[in-house]
Each structure stands twice: as structure tokens, then as C-alpha cells.
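Novice: I would like the atomic coordinates for the input below:
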Amino acid sequence: MKKPYLKSIEYIRGLAMLGVVAIHTGSQYLLNPTPNIHLVVLFEIVSRFSVPIFFFISAFGLFYKMDLSEPFDYGKFLRRRFKAVLIPYLIWSTLYIVHDNWFNGWQLFPEFDYAAEIYFFGLAKYHLYFLVILIWFYLLMPLWIYFVKQMTPKKLILLLAAQILFDYWSSYCIAGSENLFIKWRLNWLVLHYVFIFILGGVLGVHSQKFFAWCEANKKIVGASFLITLTTLLSWFYLLIYVRNFSPLDAVNTAHQLSPLGIFYTIAASIFFFTLFQFGKFPARIKNFLSLLGKNSYFVYLAHPFAIHYLIIGLGKLGLIMTAPNAIIFYILIVAVTLGVKILFQRFFQASLR
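Specialist: Numbers count the residues shown, from 1 in each chain. Have a look, this model is predicted:
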């Protein structure tokens, strides 16, 4: 029996895309030697759920539609997923390589060995590593199916503990390494996000029970989100005002793979599912969220181009990245990439008539 389409996944996808753009806007804003710390928090800390929540909803959607009692057609699965992910990844990586090399006056395409490194580790642009990790998740899908089938609440807790320990070790305990697989571990190693992916899969399989629990425990869900967010923010402010970290060092410490960041991601994933599944919103808000969700993939893929040329535009106008300019900059990134996608889609549809 075909399950109903979940608008909540579409809404979360759009929200997560806004979070990713915020993180990359924040990276530009942090070039300001005296940034507004509270705006840094909004761009770089509050939005930290956005990358892992993509893995959560990806797994939720896959397992929500899957019948685990039937044989898994691995070949068909890979063909569909690679068409949606691998081909766009290769195309956009090539676009960024050629564009950036042309812009900087370098050799248009790198030598084979370096090109292989770029494509394998998602180095063509700072946001493409997400697709590399997602491809690895897809390649290992039979393993995740096995884990989801075997998962119990006790095993989930043990997996969470293992995730916290591994991410802490990977984030804070490994010194610099010349080994490419270790050096670029955050760009390809799915172990950094296994728990949130498995959690999404388990909840997708048991979606009816999950939604019933969310509806019955809205206050607990909301409180958990606020507590984890407040705790993560408190840690960030402590790093800034007590331990005298620079804003950049504090951001690189209080990230989504930190223990507090992991708990914030879990709470945010459940909170936004609950909010969008059971919350009542005006039609305009729903339409806007739907618009963001349906076009989030293009905005995600293309927004570094917008950042690049808007930065050039700021320089030509003699403007610096102040707090007001950073907010306008963020809005423009979303508006430009979203507008390009909509215009291109309308042109393509008109050409087919």
C-alpha cells in the first residue's frame, strides 16, 4: 500500500537549505574582524542542525516508502539514486572546478591525480562533501537496512553513545595527517552521521507510532529542542566570553559533531517534524515552505556561485560585511538562486509547449 506524501519532509528540506546558506554566509561574515557575535550565533550555531538533518530526512523518506518484508532491489535503488545524486555531483563539481580555475587564471582542469582527489573527496567546492557522504550512504544501503531491522531502543542508545565518542575523537583528538583519507575524513566518512541516518530510518519504518508519539508529546518535543539549543548556545558564549576563543575558533568547536551538537540535531529533527506535521500555518507560509523545499536542491548546489559574485559586487561598491550587509547578503543569496531556478523552470516549460 502506497503511503501518503509527507509535506513535512518537503518543508524541512527547505528549512535545512536555508540553514546551509546561513552557515556559508556566516563564513563570509566571520572575515569581519569585529563581527556581531549574536549574528554569528544565528548564522553559525542555530543553523547547525541543517547538514545532519538532511541525512535524517533522507533516511526517513527512504525507509518510510520501503517494505522491509520484500527483497531489496539494490541495482534499481542505485540506478535511481545515482541519477539523482551522482550525476548532479559530477556535473556541478566540474562546473566549479572549471569556473574557479578560469577565474583565478589557473590551468582550466587539474592533472589526473589531483582531479581524482577532488572528485573522490568532494573538494570542488566547500558544500559538495555532503553529496559524497550521501553517495556512500546509498552504496552501503543493504548494511543500513540490516541495522534498521535489528535496531531496538537499547541498541539505539548504544549507537548514540558510540557516535558521540567517535565524533569527539574525530573532531578533537586527531592531529593533522598527510594521509588523504584521514585528512579529508569529514568529507567522505559516513561514520560521522551513522546515528542520525539510522534514527531517521527507524522512525521512517515506524512512522505511525512516531507521529502519534510526537502529537501526544508536543511539549516534551518543544522543551527538548529549546534545552539543547540553549545548552549549545551557552557553550558557544562560554567559549567566547570566558575562554576567550575567537569567533571562528568557537564556531569550529561548537559544531554539529560535538556532543552538544549531536543532541541539538536529534532534538531539532524531531521538533521540526512535529512542527510541520501537526502545526497549523497560514496558506502563504505553507506555499513559501513548499517553494523552498521543491527548489532546495538547486539552491544548495548553486548558492556558492551567488556568494562568489555577490562578494565581488560588495567589493566594487566599497562595502564591507557589516551585520546589516550580511543579513541583506544572505537574503540576496537565497533570492537570486531561487529566482534563477524558477525562471529556468518556467523557460523550460514554455519551450516544451
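Novice: Can you show me the helices along the stretch 251-353 of the chain?
Specialist: Taking DSSP state H, counting those that start in this stretch as the criterion, the stretch 251-353 of the chain contains helices spanning 259-278, 283-317, 323-351.
Novice: Dump the ones you listed into CSV; add mean neighbour count as well.
Specialist: Where you see a C-beta, it was placed from the backbone N, CA and C, and this is true even at glycine. Below are the helices of the stretch 251-353 of the chain laid out as CSV (neighbours: other Cβ atoms under 10 Å):
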stretch, mean neighbour count
helix 259-278, 22
helix 283-317, 16
helix 323-351, 15
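Novice: got TSV for those, with distance to Phe197 and mean pLDDT too?
Specialist: Putting the helices of the stretch 251-353 of the chain into TSV (distance: least, Cβ to Cβ, whole Å; pLDDT from 0 to 100) gives the following:
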stretch	distance to Phe197	mean pLDDT
helix 259-278	11	97
helix 283-317	18	95
helix 323-351	27	91
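Novice: show me where pLDDT drops low in the stretch 151-300 of the chain?
Specialist: Flagging of the stretch 151-300 of the chain using pLDDT under 70 yields an empty set of residue ranges.
Novice: Now do the strands in it.
Specialist: Along the stretch 151-300 of the chain, no segments are classed as strands by DSSP state E, counting those that start in this stretch.
Novice: before we move on, back to that, distance to Asn179 for the helices of the stretch 251-353 of the chain - can I get that in CSV?
Specialist: Shown next, in CSV, are the helices of the stretch 251-353 of the chain (distance: least, Cβ to Cβ, whole Å):
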stretch, distance to Asn179
helix 259-278, 26
helix 283-317, 27
helix 323-351, 35
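Novice: Cross-check the contact I'm expecting between Tyr138 and Leu78.
Specialist: Yes - counting by Cβ atoms under 8 Å, Tyr138 sits close enough to Leu78 to count as a contact (6.6 Å).
Novice: More neighbours: those two, which one.
Specialist: Tyr138 (21 against 15; other Cβ atoms under 10 Å).
Novice: what's the strand or helix carrying the more buried one packed up against?
Specialist: Assigned by DSSP states H and E, Tyr138 falls within helix 129-139. Applying 3 or more Cβ pairs under 8 Å, 6 or more residues apart in numbering; DSSP states H and E, one finds that helix 129-139 makes contact with helix 50-65, helix 74-84, helix 86-104, helix 112-121, helix 185-188.
Novice: Redo those as a markdown table? Include distance to Phe147.
Specialist: What follows is the helices and strands packed on helix 129-139, written out as a markdown table (distance: least, Cβ to Cβ, whole Å):
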| stretch | distance to Phe147 |
| --- | --- |
| helix 50-65 | 11 |
| helix 74-84 | 16 |
| helix 86-104 | 23 |
| helix 112-121 | 25 |
| helix 185-188 | 20 |
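Novice: okay, those helices, which one's buried deepest?
Specialist: Taking mean count of other Cβ atoms under 10 Å as the contact definition, the stretch among the helices and strands packed on helix 129-139 with the greatest mean neighbour count is helix 50-65, which reaches a mean of 23.
Novice: what angle do that helix and helix 129-139 make?
Specialist: Helix 50-65 and helix 129-139 meet at an angle of 30 degrees, taking axes from the mean of the first three to the mean of the last three Cα atoms, to 10 degrees as the criterion.
Novice: what packs against helix 50-65?
Specialist: When contacts are defined as 3+ Cβ pairs under 8 Å, 6+ apart, helix 50-65 packs onto helix 7-29, helix 129-139, helix 141-150, helix 194-205, helix 259-278.
Novice: at 7 Å instead, please
Specialist: Helix 50-65 sits against helix 7-29, helix 129-139, helix 194-205, helix 259-278, with contacts defined as 3 or more Cβ pairs under 7 Å, 6 or more residues apart in numbering; DSSP states H and E.
Novice: Now the shortest one: buried residues?
Specialist: By neighbour count, and taking 16 or more other Cβ atoms under 10 Å as the criterion, the buried residues in helix 129-139 are Tyr129, Phe130, Leu131, Val132, Ile133, Leu134, Ile135, Phe137, Tyr138.
Novice: Rebuild those as a markdown table, extending it with distance to Phe43 and pLDDT.
Specialist: Formatted as a markdown table, the entries for the buried residues of helix 129-139 read as follows, by distance: Cβ to Cβ, whole Å; pLDDT from 0 to 100:
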| residue | distance to Phe43 | pLDDT |
| --- | --- | --- |
| Tyr129 | 19 | 97 |
| Phe130 | 18 | 96 |
| Leu131 | 22 | 97 |
| Val132 | 24 | 97 |
| Ile133 | 22 | 98 |
| Leu134 | 24 | 97 |
| Ile135 | 28 | 97 |
| Phe137 | 27 | 98 |
| Tyr138 | 30 | 98 |
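Novice: Run through the residues that contact the nearest residue to Ile23 once chain neighbours are set aside.
Specialist: Excluding its sequence neighbours, the residue lying closest to Ile23 (Cβ to Cβ, 6 or more residues apart in numbering) is Ser47, at 5.4 Å. Contacts were defined as Cβ atoms under 7 Å, 6 or more residues apart in numbering; by that measure Ser47 touches Gly19, Ala22, Ile23.
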